[in-house]
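Engineer: got a sequence here, can you build the structure:
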Amino acid sequence: MPRNKSILVIRLSAIGDVAMSVHAVRALRDKYPDHKITVCTRERLAGFFAGVPDLDFIFFPAKATFVDLLKFILKARKMNFGYVADIQNNLRTSIMRIGLHKCFTKVAAYDQRTYAKWRVKRRFCKRLTPVRNNVLRFCDVFAELGLPVDEPKVVKKVLPLPEAFDDIKNGNWIGIAPFSRKEKKIYPLDMMTKVVDMLTQKAEKVFIFSGPGKEKAYADELAARYPNVVPVFGKTDFNGETALISNLDVLITMDSATMHMATLTGAPFICVWGGTHPSTGYSAWGADWKANYIQADMPCRPCSNYGEGKCRYKDFRCFKEIDPVIIVYKTLKFLNND
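Structural biologist: Here you go, the predicted model:
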């Protein structure tokens, strides 16, 4: 019996990884225009896939019980998928995958490659050998299903501004995303404030991307100090933030989801790396390491794959080696198209 052309792609989290998966799913759609592709993810992240045509979605609840998981499997089984690509491969998605592995459903899962990342983290080689980028490893899952794809391309575009920021642009717009979920990825805020101070003199507007709580308080404090600083949190959703980023002249970000959101539209960005390193496979897709990254070459880097753990010296010297002037200089090069 021939296998049907219906594909289920599963990627529930994290925000940055879902954004990275868009490039692989776009390559899958381009290569197989006649196949039905359904993406299983969180509802609030589905907008990342807006640029990929003809996709269906199954939304998995953010706080799902085991009963919810079983209900999801029963629902998905009735949809009769011919292929299931689990491009996350954690406990929850593994249960999904096993539950969907029927006689005529072919399944494949993302390879975590923990050992390869561990080798980079422990720096067995003086010269780091990059781990295969996550986007390509997502594509490897499709190839394992018998659905090889071409290497994804970054699609450059400028999206309509969200209503909250729909202003006439008369000068440079700079975005700054100073936060991450992991402390090892956050440039010291006192130093970032110096960056903001210098860039407010060079830009019409400086947008601060943040989360709630203390992050929002920091953004609001900057807005109170500088009239051309605009906090973003609470004024739009992830779709709106992605659209806003596409209109920026440059985005300054940490190793965070915001970096990967910039790649969805090919927006110009600068990423400041600390305890993590692009060699571990989480590099922004399509990035030029020399043009897009700022990082200090230190014997203790990288000390983390994705930001886990504490700084062994407790002073985050990997960030403190990067003077705010360096970030401003690199930003001005982008503004001057150098």
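
Engineer: in three-state terms, label Gly99 for me.
Structural biologist: helix (DSSP: H, G, I helix; E, B strand; the rest coil).

Engineer: er, Val230 actually
Structural biologist: Assigned state for Val230: strand (three-state reduction, three-state DSSP).

Engineer: would you list the phi and psi of the residue lying closest to it once chain neighbours are set aside?
Structural biologist: In space, and not counting its chain neighbours, Val230 is closest to Phe207: 5.0 Å by C-beta to C-beta, 6 or more residues apart in numbering. C-beta: built from backbone N, CA, C; applies to glycine. According to degrees, to the nearest 10, the main-chain angles of Phe207 amount to phi -90, psi 130.

Engineer: Phe207 and Asn172 touch, don't they?
Structural biologist: No - taking C-beta atoms under 8 Å as the contact criterion, Phe207 and Asn172 are not neighbours in contact, 11.4 Å apart.

Engineer: contact partners for the residue nearest to Val230?
Structural biologist: 165, 173-176, 229-232, 244, 248 (C-beta atoms under 8 Å, 6 or more residues apart in numbering).

Engineer: 7 Å instead?
Structural biologist: Residues in contact with Phe207 (C-beta atoms under 7 Å, 6 or more residues apart in numbering) are 173, 175, 230, 232, 244.

Engineer: the fourth one contacts Ala243, correct?
Structural biologist: No - proximity of Val232 to Ala243 does not meet the contact threshold set by C-beta atoms under 7 Å, at 11.3 Å.

Engineer: which parts of the stretch 151-300 of the chain are strands?
Structural biologist: Listed in chain order, the strands found in the stretch 151-300 of the chain under DSSP state E, counting those that start in this stretch are 173-177, 205-208, 229-231, 250-254, 269-272, 293-294.

Engineer: re the thing from before, greatest separation within the contacts of Phe207: which pair is it?
Structural biologist: Across these, the longest distance by C-beta to C-beta is 11.7 Å; it joins Trp173 and Val232.

Engineer: kindly provide the distance from Met261 to Leu248.
Structural biologist: Between Met261 and Leu248 the computed distance is 11 Å (C-beta to C-beta, to the nearest Å).

Engineer: just Ala14 next, same as before
Structural biologist: Here the criterion is C-beta to C-beta. By it, Ala14 lies 23 Å from Leu248.

Engineer: turn the strands of the stretch 151-300 of the chain into JSON lines, including distance to Lys75 and mean pLDDT.
Structural biologist: JSON lines is the format used below for the strands of the stretch 151-300 of the chain (distance: least, C-beta to C-beta, whole Å; pLDDT from 0 to 100):
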{"stretch": "strand 173-177", "distance to Lys75": "36", "mean pLDDT": "98"}
{"stretch": "strand 205-208", "distance to Lys75": "40", "mean pLDDT": "98"}
{"stretch": "strand 229-231", "distance to Lys75": "40", "mean pLDDT": "98"}
{"stretch": "strand 250-254", "distance to Lys75": "37", "mean pLDDT": "98"}
{"stretch": "strand 269-272", "distance to Lys75": "38", "mean pLDDT": "98"}
{"stretch": "strand 293-294", "distance to Lys75": "42", "mean pLDDT": "98"}
